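**Student:** Sequence first, then the predicted structure, then my questions.
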Amino acid sequence: MKKIIFTSFIIGFFLFSCGTKQVDKFTYNFQYYDSENDQTEDKGETDLKNIISEFRSFPWKEQTSKFNNPEAKSNPTIGIKDNLNDYDFGIMSYPENNEVVYVIYHSYKVNGEWEESFREGFSKESIEKGLKLFFERKHKELPKFLEKNSKKEFGIPLN
């Protein structure tokens, strides 16, 4: 179940990423557990202060508790795009032992090649620090920060 939903998330996030122009702004969207894979609620432009407020008020516990229900189609997600350089930062969640486990997806370029990472096991404080680095466009520092502050890499099973 996890594999299908996270794979679908990647496709949905890719579709979201392709539909934006390269301008100097950040945009974001929400995806809920019962959203179709390519269905997001576009929220428009944002800044660091707003996105932290949105992160804190997003119904993570409620949405994540419904993850294993048959009607679950997607992971609860906040997707953020740096439209200037086409980088993505996504905060997703899934349940584990009645707790919310946060997963961060980050796509960025290294030597002209696209890289992406999925890391899991973040505290809310480390997510907010990661958001700050993303909004400050410290894209070289962010992957190192995420690796250091996560519990592990999130592996998507192939089978």
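**Tutor:** Thanks, I have the structure now.
**Student:** what about residue 60, how many residues close to it?
**Tutor:** By other Cβ atoms under 10 Å, 18 other residues sit near residue 60. Glycine gets a C-beta too; all of them are placed from N, C-alpha and C.
**Student:** any idea how far residue 92 lies from residue 85?
**Tutor:** Noted for residue 92: a distance of 22 Å to residue 85, by Cβ to Cβ, to the nearest Å.
**Student:** Out of the two, name the residue with the larger neighbour count.
**Tutor:** residue 92 (25 against 12).
**Student:** quick check, that one in a strand?
**Tutor:** Yes - under DSSP: H, G, I helix; E, B strand; the rest coil, residue 92 falls within a strand.
**Student:** pretty sure it is touching residue 75, no?
**Tutor:** Yes - using Cβ atoms under 8 Å, residue 92 makes contact with residue 75 at a distance of 4.3 Å.
**Student:** beta partners for the residue nearest the centre of the chain?
**Tutor:** Nearest to the geometric centre of the chain sits residue 90, at 1.4 Å (Cα atoms, centre = their mean). On the basis of DSSP bridges, residue 90 is bridged to residue 79, residue 105.
**Student:** distance of it from residue 121?
**Tutor:** For residue 90 relative to residue 121 (Cβ to Cβ), the value is 15 Å.
**Student:** What of residue 99?
**Tutor:** 10 Å.
**Student:** Give me the more crowded residue out of those two.
**Tutor:** Higher neighbour count among residue 99 and residue 121: residue 121, with 16 against 10, using other Cβ under 10 Å.
**Student:** so the more buried one makes contact with residue 150?
**Tutor:** Yes - Residue 121 is within contact range of residue 150, at 5.2 Å (criterion: Cβ under 8 Å).
**Student:** Can you give me the neighbour number for the residue nearest to residue 102 when sequence neighbours are not counted?
**Tutor:** Sequence neighbours aside, residue 122 is the residue nearest to residue 102 in space, at 4.5 Å (criterion: Cβ to Cβ, 6 or more residues apart in numbering). By other Cβ under 10 Å, the residues close to residue 122 number 20.
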